[in-house]
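Engineer: sequence plus the predicted model coming up.
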Amino acid sequence: MEVHQTDSLQLPGSVVAIGAFDGVHRGHQAVIREMVKNSRLEGVPSVVYTFDRSPRSFFQGAQVLTTPKKKIQLMEDLGVNHIVLANFDQQYLQRTADDFIEEVSLLNPLRIFVGDDFRFGHKRTGDVTLLKQHFAVPPIPPVRSMDGERISSTRIRELILQGKQEQALPLLGWT
């Protein structure tokens, strides 16, 4: 597996998953496994586009669930071929939605997997609808825990802050 900076990877074809992937929890794992499966069926590399820190931690000071090093290791274990690790900082925040689409276009994605609440670009002006105007974006149903609640990094953070690690750990799925 190779790790790249933004704008440094160009591919003739790929299948891509984009997101913060903080925690690489069971929901993230399902998305990444589906992306890797699709890339293998298509005979093209799998690419995860993610960030060195989650936007939520940047803006809100939220607890980070996985370091970049741990995140990379977990994704490698899931069979990902390439990771684009964007430096989420003030400069990155100035990029427009069109800048982001242009960068992702360098990967020539056959499909892009994102969460239904995915936003991108300066002031979050880009969304799944805009992404679908440029790329094939198949729907991904949310992964739910045994109690029927959606598995999310926010939920895991809340459980940890409440001292409920025994409830958070199964949601991560890798500890």
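Structural biologist: Right, received. Where do you want to start? Residues are numbered from 1 along each chain as shown.

Engineer: any idea how far V137 is from the closest residue to R157 other than its chain neighbours?
Structural biologist: Counting by Cβ to Cβ, 6 or more residues apart in numbering, R157 lies nearest to Q63, which is 5.2 Å off, once chain neighbours are set aside. In this view, the C-beta of every residue, glycine as well, is placed from N, C-alpha and C. Distance, Q63 to V137, using Cβ to Cβ, to the nearest Å: 29 Å.

Engineer: again, but for G121
Structural biologist: As judged by Cβ to Cβ, G121 and V137 stand 16 Å apart.

Engineer: more neighbours: which of these two?
Structural biologist: V137 (21 against 18; other Cβ atoms under 10 Å).

Engineer: so the more buried one makes contact with V128?
Structural biologist: Yes. V137 lies in contact with V128 (Cβ atoms under 8 Å); the separation is 6.2 Å.

Engineer: what is in contact with these two at once?
Structural biologist: V114 (Cβ atoms under 8 Å, 6 or more residues apart in numbering).

Engineer: residues touching P109, list them.
Structural biologist: 13-16, 47, 135-136.

Engineer: which residue is nearest the middle of this structure?
Structural biologist: Nearest to the mean C-alpha position of the chain, counting by Cα atoms, centre = their mean, stands G19 at 2.3 Å.

Engineer: gap between the two ends of stretch 79-97?
Structural biologist: Length of stretch 79-97, first residue to last, Cα to Cα, to the nearest Å: 29 Å.

Engineer: report the buried residues of that stretch.
Structural biologist: Buried residues in stretch 79-97, counting neighbours by 16 or more other Cβ atoms under 10 Å, are found at 80-86, 88, 92, 95, 97.

Engineer: in this protein, which spans are strands?
Structural biologist: 2-4, 14-18, 46-51, 82-86, 109-113, 119-120, 126-127 (DSSP state E).

Engineer: and the angle for the fourth one with strand 46-51?
Structural biologist: Going back to what we said before, that points to strand 82-86. Calculated by axes from the mean of the first three to the mean of the last three Cα atoms, to 10 degrees, strand 82-86 forms an angle of 10 degrees with strand 46-51.
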